[in-house]
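J.: build me a structure from this.
(2 chains)
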Amino acid sequence: SQTIHQWPATLVQPVGSPLSLECTVEGTSNPNLYWYRQAAGRGLQLLFYSVGIGQISSEVPQNLSASRPQDRQFILSSKKLLLSDSGFYLCAWSGTIGNEQFFGPGTRLTVL
Amino acid sequence: QKEVEQDPGPLSVPEGAIVSLNCTYSNSAFQYFMWYRQYSRKGPELLMYTYSSGNKEDGRFTAQVDKSSKYISLFIRDSQPSDSATYLCARNSGYALNFGKGTSLLVTP
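T.: Presented below is the predicted three-dimensional model:
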């Protein structure tokens, strides 16, 4: 069966510090991968998606970036965090793009 | 107008009640609908999906799609305290899913 991992689970970072969140998927090949941010009262905001290694599409212009160095690894990064980057970051995968997605446990980021 | 609209609640019901959760959507181009359940501080979990109009049943859960009114519903029979969570509806939109903001449900013993 497929599983999706995210780490760290919780992160507290000062404003201006860098960020690296990691997501890995097991039990499937060539998944479509997604990064979302969930802020209180604002629902799920799609940040990036990837259909293959090195292929990244950005949905929202901001100080975040994503990379996919391996088939089942998806990384979310920032060079300098802003207060507004605080939130719950979720990674998801799907077998067929546009179909149901399966979410990881999430990373709760607090920027102080 | 947001693609998928959902009443945020909170919705509070006694244990054993039938719960009705609803969403409306605005774009008829894509016809694949999903319901997710999200417990506090956890990732969303896929509950059900349906490609077409009509009902789909899975245990105590029934998903219903009414394309004529662009309305999707999730019914929970014999609700349990463990059903207390936020329920998100979603609709496919090409490469992505459009999510509602979620309805918070509390089932009291």
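
J.: ok, the closest residue in space to B:Asp83 that isn't next to it in sequence - contacts?
T.: Excluding the flanking residues, the one nearest B:Asp83 by C-beta to C-beta, 6 or more residues apart in numbering or on different chains is B:Val107, at 5.1 Å. From N, CA and C alone the C-beta is placed, and that goes for glycine too. B:Val107 makes contacts with B:Ser12, B:Val13, B:Pro14, B:Glu15, B:Ala17, B:Val19, B:Ser79, B:Gln80, B:Pro81, B:Ser82, B:Asp83, B:Ser84, as judged by C-beta atoms under 8 Å, 6 or more residues apart in numbering or on different chains.

J.: for chain A, what lies in contact range of chain B?
T.: A:32, A:34, A:41-44, A:46, A:49, A:51, A:57, A:59, A:88, A:90, A:97-106, A:108 (C-beta under 8 Å from any C-beta of the partner chain).

J.: tell me where the model's unsure across chain B.
T.: Chain B contains residues with pLDDT under 70 at B:1-2.

J.: flag every residue of it that's near chain A.
T.: Checking chain B against chain A by C-beta under 8 Å from any C-beta, the hits are B:8, B:30, B:32, B:34, B:36, B:41-46, B:49, B:88, B:92-97, B:99-102.

J.: can you map out the strands along chain A?
T.: A:3-7, A:10-13, A:19-26, A:32-39, A:43-52, A:55-58, A:64-70, A:73-78, A:87-94, A:102-103, A:107-111 (DSSP state E).

J.: rewinding a little: just checking, which of the residues of chain B next to chain A belong to strands?
T.: Using DSSP E, the residues of chain B next to chain A in strands are B:Met34, B:Tyr36, B:Glu45, B:Leu46, B:Tyr49, B:Leu88, B:Asn92, B:Ser93, B:Ala96, B:Leu97, B:Phe99.

J.: and those, which is closest to A:Arg72?
T.: B:Leu46 (19.2 Å; C-beta to C-beta).
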